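Q: coords please:
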Amino acid sequence: MITFQTHWYENYFWGLLVISFVIWLLEIAIPWRKNQSIFREDFKIDFFYMFFHFFIFALFINGFYATINNSFEQYGVTTRSLTLIDLNHFGTAQKLIIFFIISDFFQWFTHILMHRVPFLWRFHQVHHSVKEMGFAAHFRYHWAENIIYKPMKTIAIMVIGGVEPEQAYIIHFMAIILGHLNHSNLNITWGPLKYIFNNPVMHLYHHAQKLPEHKKHGMNFGISLSLWDYIFNTHYIPKVDENLKLGFKGDDSFPRSFVKHLWIGLPKTKK
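A: Numbering: from 1, shown residues only. Reported below is the predicted structural model:
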């Protein structure tokens, strides 16, 4: 990837760098929270998280699922054999939109589980330990979330047939752009499209430390789309406060280092 020996749509290294740099420049040029430093709190650890999840841990998780996939293929079971919706009779743009919507729904549902199931929340606390929002906070999350989210994405791919790899990569880059923007220090709401697409204002309240009583498990769970939150009444946007206190109850004692984050949520061994 570094030496451009892959197809452009597979080059996550430079794609991630370019997307991150452009959105960071926007944060510098037109910041929403003007008192927030360019190198905000925990910027370095969040930037490292991006490469950890995209490249280092990806080697292990992709190898693991490739092994499982090969095992199933020996018995004639493939993702195509489990297809429920075949999109081959649709045009390319239509296929991409349908794939994007369905895969986003699976991730939205998984995100809700991360907040409502106690042992999953222990992992997800790493992401919610962010105290100042910026684009790189998008990738501060526990390595176990890769294991939890990956099957849900795989299910979406299994359900949908007719989407080629180079097309799916385009959707993946779109999700990165929207994810970066949603965590960025930018005052973007998308106007009337806010009922379809997630945005930094809406997602800021997802990270609020103090939750309203009727949303005690959280709100605004949208990944790329806000659509599901409005349909299932999990949205909440009161009067906008860009200086909203972020985190969760008791996060003052939460570990701040990457190494300590690795062990969050895992069973403790008795000494």
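
Q: quick one, helices of the stretch 1-150 of the chain?
A: Ranges of helices in the stretch 1-150 of the chain, per DSSP state H, counting those that start in this stretch, are 12-29, 43-51, 57-73, 92-116, 118-128, 143-159.

Q: where in the chain is pLDDT low?
A: Applying pLDDT under 70 to the chain flags the ranges 61-66, 68-69, 71-73, 75-86, 150-167, 268-271.

Q: rerun that using 50 as the cut-off
A: Within the chain, the stretches with pLDDT under 50 are 269-271.

Q: so what's residue 173 up against?
A: The contact partners of residue 173, by CB atoms under 8 Å, 6 or more residues apart in numbering, come to 9, 15, 19. All C-beta atoms are positioned from the backbone trio N, CA, C, and that covers glycine.

Q: at 10 Å what do you get?
A: When contacts are counted by CB atoms under 10 Å, 6 or more residues apart in numbering, residue 173 touches 8, 9, 11, 12, 15, 16, 18, 19.

Q: just the buried members of those?
A: Among the contacts of residue 173, those classed as buried by neighbour count (16 or more other CB atoms under 10 Å) are 11, 12, 15, 16, 19.

Q: measure the third one to residue 259 for me?
A: It refers to residue 15. Residue 15 sits 28 Å away from residue 259, going by CB to CB, to the nearest Å.

Q: could you do residue 59 as well?
A: Taking CB to CB as the measure, residue 59 falls 19 Å from residue 259.

Q: what about the nearest residue to residue 129 once chain neighbours are set aside, neighbour count?
A: Excluding its sequence neighbours, the residue lying closest to residue 129 (CB to CB, 6 or more residues apart in numbering) is residue 254, at 5.1 Å. Counted with other CB atoms under 10 Å, the neighbours of residue 254 add up to 16.

Q: one more: residue 131?
A: Number of residues near residue 131 (other CB under 10 Å) recorded here: 17.

Q: kindly report the same for residue 230.
A: 15.

Q: wait, what's in contact with it?
A: Counting by CB under 10 Å, 6+ apart, residue 230 touches 194, 195, 196, 220, 222.

Q: quick one: which of the residues you listed is most hemmed in?
A: residue 222 (26 neighbours).

Q: and it, what does it touch?
A: Applying CB under 10 Å, 6+ apart to residue 222 gives the contacts 104, 107-108, 111, 178, 182, 196-199, 202-203, 206, 228-230, 234-235.

Q: one more: residue 223?
A: Taking CB under 10 Å, 6+ apart, one finds 103-108, 110-111, 149, 175, 178-179, 182, 198, 203 in contact with residue 223.

Q: try it again with 6 Å
A: By CB atoms under 6 Å, 6 or more residues apart in numbering, residue 223 lies in contact with 104, 107, 108.

Q: and it, how far from residue 44?
A: As judged by CB to CB, residue 223 and residue 44 stand 25 Å apart.
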